[in-house]
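1. here's a sequence, model it:
(chains A, B, C and D)
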Protein chains: 2
Amino acid sequence: MENNTITIHDIAKTLEIDSSTVSRALNNSDRVSLKTKKKILDKANELGYQRNLLASNLRKNKTNTIGVVVPRISRHFFSSAISGIEKTAFNKGYNVIICQSLEQLEREQNLIDTLAANRVDGVIMSISMETFNYNHLEKLKKNGTPVLIFDRHCNFSVHSTVLLDDFQGAFEATTHLINQGCKNIVHFSGPSNLKVYQNRLQGYKAALEKSNMNFEEKYVLNSHLMNNDGILLAEKVLKFSEKVDGIFSANDVAAISAMQRFKKAGIRIPEDIAMVGFSNEPISSVIEPALSTIDQSGSKMGKIGTELLIEQIKNKSKLAKPEKVIIKPSLLIRESSLRKR
Amino acid sequence: MENNTITIHDIAKTLEIDSSTVSRALNNSDRVSLKTKKKILDKANELGYQRNLLASNLRKNKTNTIGVVVPRISRHFFSSAISGIEKTAFNKGYNVIICQSLEQLEREQNLIDTLAANRVDGVIMSISMETFNYNHLEKLKKNGTPVLIFDRHCNFSVHSTVLLDDFQGAFEATTHLINQGCKNIVHFSGPSNLKVYQNRLQGYKAALEKSNMNFEEKYVLNSHLMNNDGILLAEKVLKFSEKVDGIFSANDVAAISAMQRFKKAGIRIPEDIAMVGFSNEPISSVIEPALSTIDQSGSKMGKIGTELLIEQIKNKSKLAKPEKVIIKPSLLIRESSLRKR
DNA sequence: CTGTTAGCGCATTCAA
DNA sequence: TTGAATGCGCTAACAG
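-> Below you'll find the model as predicted:
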């Protein structure tokens, strides 16, 4: 009912001691006798005291809080990354503020500004698709706030990064198809200006080359990460004169709709066409598993990124130079995704 | 490099004016001449000033921040609710802190404590499945912080709530099946201690009654919201001696796995069994649409909830009494989910 | 329009 | 072990 905010001074007054002693007691300092400490804690409890972190953080110039900015929290990859971040942060005594940029640079900038204004101790983020301008991150750096960038490539080299080894993943996936006996392997790719897709294309090429297979330009099918892109890709595949028997997908969004299109055409996956690819979404829980995936292990990236970030927060004075961690993806093959002959 | 935190005093000193004037200028007060205002803003920019919201909020005893607590951000319903919350909040000048309880009461309590310690102006939340104890919310209330609860029923009546009209939704869905000519309609339900499922059951019963159809106890199939519960439910349906031709599902998780089990048995949905139900997940984008759904409209609930909450924040002194808003669900029928005969 | 003064709630230094 | 004093950075009376 009444806005009855209790402060350490209220506790001090009732107990006829000084507020500094109360502060010490509430922070469990060993410079207070056990007796008074108990007295203080009891009274705090009785009065319903709730510490004011605004004041505390202001005074200490430290918030024990990490800001997290991702494009979209609902994407499976990011929500599992967030799980990893939260777990690691909580274990080390940090709180976490989660924000989503919705892939918009302007929103990202505002979020970063707000986080900075709230004096978070560090920021872990995956940049938006629009982000080719790093002024907002520059500002953080000037401020002395460490930033860690994960998942998405970023040319702003002053920050530490945690990335996935896209080349290696693509290489393994394609090799897997080759080992299954596939002769004509199509590659579903994404926007060709994104580093991720460039690297995956390279891995695909390298795998073909290693097995002395020809690289066919026409087999690289680009799309824009839209929900129904895969339909067009599938139709292109159907139009090839020779029989496509394998697909390496760098793009799970397209892969899903493509599978539906194939199904309509009577093409069975994986019996007629084997399909392997990078996958963020927990596809298997919803559709018949047909895609072996390269696990992007969001939570692993979140964990490692947060550990790195916290290390940097602690060493802030030592101005640690940016680190770059590359995570090896692992190919998960489900039985039902094997090609049967 | 250097932790060069600029304050209003630094700006004031360089310009040889008082910091209070700087503060006014930075807050765009009209009690500063345009000339000095410009001078100050320019200098602030030049020095790379970044306001300290900790100090500002402490002083103003207001953070312009709303805390959001949901069980799990990755669930479609909650992430769309969050979208609605963010949009509404930003429009009204509020920031948002997103947290997930992971359905754990203890986590929820900690989150609420942290939000309270950070002096958020209000909290909008959907309580965890474990939450039958409302001490943490009680504390907020004592503190004068308004709380709005959405989506999940809660016996703690001092807060405003935004809920879905489960009875009405169930009634409409079941009626739809009846209108399609279904004679034997099974009901997939959830944990019977949850209000949501009780209300949906009532709606189902009412629809049957209105059409003079018998309610059969055995047609109510409960489950626990586990991923593969639907398999068992489907098997139960298959064992009935009479032919089941309709299913009203109150539980989308079960519905998905049930559909897969039916498929295995050669039962076609919706040709052999029509299926209608509440659905949070964007099922249609992944599987063959087979389920007409009652849209829980997360973003709508988020929007309305946030508007209500902000209203209460503003009227805090007037201790507005708790409001209760019931949202009408709307039945979305997809063509392909119609029963063909 | 601008300056003076005070204090939000807390943590910490220095004395005692 | 405790108290007194100071200030984190900012805003908001009140004066002028």
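
2. okay, now the closest residue to DNA strand D within the stretch 201-341 of chain A: neighbour count?
-> Residue nearest to DNA strand D within the stretch 201-341 of chain A: A:Lys316 (15.0 Å; Cβ to the nearest atom of the strand). Just so you know, the C-beta spots here come from the backbone N, C-alpha and C atoms, and that holds for glycine as well. As a burial measure, A:Lys316 scores 14 neighbours (other Cβ atoms under 10 Å in any protein chain shown).

3. so it makes contact with A:Pro146?
-> Yes: taking Cβ atoms under 8 Å as the definition, A:Lys316 is a contact partner of A:Pro146 at 6.8 Å.

4. would you map the helices across chain A?
-> Under the criterion DSSP state H, chain A contains helices at A:8-15, A:19-26, A:34-47, A:53-60, A:76-91, A:105-117, A:135-143, A:166-179, A:195-210, A:229-239, A:252-264, A:298-314.

5. now do the contacts for A:Asp121.
-> A:Asp121 is in contact with A:Lys62, A:Thr63, A:Asn64, A:Thr65, A:Ile66, A:Tyr94, A:Thr145, A:Pro146, A:Ile313, counting by Cβ atoms under 8 Å, 6 or more residues apart in numbering or on different chains.

6. give me the distance between the third one and A:Gln260.
-> When distances are taken as Cβ to Cβ, to the nearest Å, A:Asn64 and A:Gln260 turn out to be 47 Å apart.

7. repeat for the fifth one
-> Taking Cβ to Cβ as the measure, A:Ile66 and A:Gln260 are separated by 40 Å.

8. so these two - more neighbours on which side?
-> It is A:Ile66, of A:Ile66 and A:Gln260, that has more neighbours when counted by other Cβ under 10 Å, with 27 against 18.

9. quick check: beta-bridge partners of the more buried one?
-> A:Val96, A:Gly122 (DSSP bridges).

10. quick check: it touching A:Asn95?
-> Yes: counting by Cβ under 8 Å, A:Ile66 does reach A:Asn95; the two are 7.2 Å apart.

11. outline the domain layout of chain A.
-> Taking automatic domain parsing as the reference, chain A has its domains at A:8-51, A:63-164+A:298-328, A:166-295+A:331-337.

12. skipping adjacent residues, who's closest to A:Ser297 in space?
-> A:Ile327 (6.8 Å; Cβ to Cβ, 6 or more residues apart in numbering or on different chains).

13. any idea how far the residue lying closest to A:Val253 once chain neighbours are set aside lies from B:Phe78?
-> Spatial nearest neighbour of A:Val253, excluding adjacent residues (Cβ to Cβ, 6+ apart): A:Leu225 at 5.6 Å. Remark: distance between A:Leu225 and B:Phe78 (Cβ to Cβ) = 23 Å.

14. between the two, tell me which one has more neighbours.
-> For A:Leu225 versus B:Phe78, neighbours defined as other Cβ under 10 Å are more numerous around B:Phe78 (25 against 15).

15. what's the spacing between that one and A:Ile124?
-> Per Cβ to Cβ, B:Phe78 is found 22 Å from A:Ile124.

16. do you know how far the closest residue to A:Ala117 other than its chain neighbours is from DNA strand C?
-> Using Cβ to Cβ, 6+ apart and skipping residues adjacent in sequence, the residue nearest A:Ala117 is B:Leu53, 4.2 Å away. Distance from B:Leu53 to DNA strand C, counting by Cβ to the nearest atom of the strand, to the nearest Å: 12 Å.

17. contacting residues around B:Leu53?
-> So B:Leu53 contacts A:Thr114, A:Ala117, A:Asn118, A:Arg119, B:Thr63 (Cβ under 8 Å, 6+ apart).

18. out of those, who's near DNA strand C?
-> The subset of these lying close to DNA strand C, counting by Cβ under 7 Å from any atom of the strand, is empty.

19. re earlier: which of the helices of chain A sits closest to B:Ala250?
-> Closest to B:Ala250 of the helices of chain A, according to Cβ to Cβ: helix A:76-91, at 25.1 Å.

20. and the closest one, what other elements does it pack with?
-> The contact analysis (3 or more Cβ pairs under 8 Å, 6 or more residues apart in numbering or on different chains; DSSP states H and E) places helix A:76-91 against strand A:65-70, strand A:95-100, helix A:298-314.

21. burial count for the nearest residue to A:Ser279 once chain neighbours are set aside?
-> Leaving out its chain neighbours, the residue that sits closest to A:Ser279 by Cβ to Cβ, 6+ apart is A:Thr293, at 3.6 Å. A count of nearby residues for A:Thr293, using other Cβ under 10 Å, gives 27.

22. got it, and A:Ile326?
-> A:Ile326: 13 neighbours (other Cβ under 10 Å).

23. so what's the residue lying closest to it once chain neighbours are set aside scoring on pLDDT?
-> Once flanking residues are discounted, A:Ile326 sits nearest to A:Asp165: 5.0 Å by Cβ to Cβ, 6+ apart. Predicted confidence (pLDDT) for A:Asp165: 93.

24. burial measure for A:Asp165, as a count.
-> 16.

25. coming back round to it: make CSV out of the contacts of B:Leu53 and add neighbour count and distance to A:Ala12.
-> Below are the contacts of B:Leu53 laid out as CSV (neighbours: other Cβ atoms under 10 Å in any protein chain shown; distance: Cβ to Cβ, whole Å):
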residue, neighbour count, distance to A:Ala12
A:Thr114, 17, 34
A:Ala117, 16, 31
A:Asn118, 22, 29
A:Arg119, 21, 27
B:Thr63, 23, 25
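
26. just give me the closest of those residues to B:Asn28.
-> A:Ala117 (15.7 Å).

27. my guess is that closest one meets B:Arg51, correct?
-> Yes: between A:Ala117 and B:Arg51 there is a contact under Cβ under 8 Å: 5.5 Å.

28. which residue packs closest to A:Lys141, ignoring adjacent ones?
-> A:Lys141's closest residue in space is A:Val158 (Cβ to Cβ, 6+ apart), at 5.8 Å.

29. with A:Ile304 instead?
-> A:Val162 (5.5 Å).

30. check the stretch 101-250 of chain A for the residue nearest DNA strand C and tell me.
-> A:Arg119 (12.8 Å).

31. contacting residues for that residue?
-> A:Arg119 neighbours (Cβ under 8 Å, 6+ apart): A:Asn57, A:Asn61, A:Lys62, A:Thr63, B:Asn52, B:Leu53, B:Leu54.

32. overlap between the residues you listed and the residues near DNA strand D?
-> Checking the contacts of A:Arg119 against DNA strand D (Cβ under 7 Å from any atom of the strand), the matches are A:Asn61, B:Asn52.

33. would TSV of the contacts of A:Arg119 with pLDDT be doable?
-> Below are the contacts of A:Arg119 laid out as TSV (pLDDT from 0 to 100):
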residue	pLDDT
A:Asn57	98
A:Asn61	96
A:Lys62	96
A:Thr63	98
B:Asn52	97
B:Leu53	98
B:Leu54	98
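
34. what does chain A put close to DNA strand C?
-> Looking at DNA strand C, the residues of chain A close enough under Cβ under 7 Å from any atom of the strand are A:5, A:7-9, A:19-20, A:23-24, A:26-27, A:51-52, A:55-56, A:58-60.

35. of the residues you listed, buried ones?
-> The neighbour-count test (16 or more other Cβ atoms under 10 Å in any protein chain shown) marks A:Thr7, A:Ile8, A:Ser23, A:Arg24, A:Leu26, A:Arg51, A:Asn52, A:Ala55, A:Ser56, A:Leu58 as buried among these.
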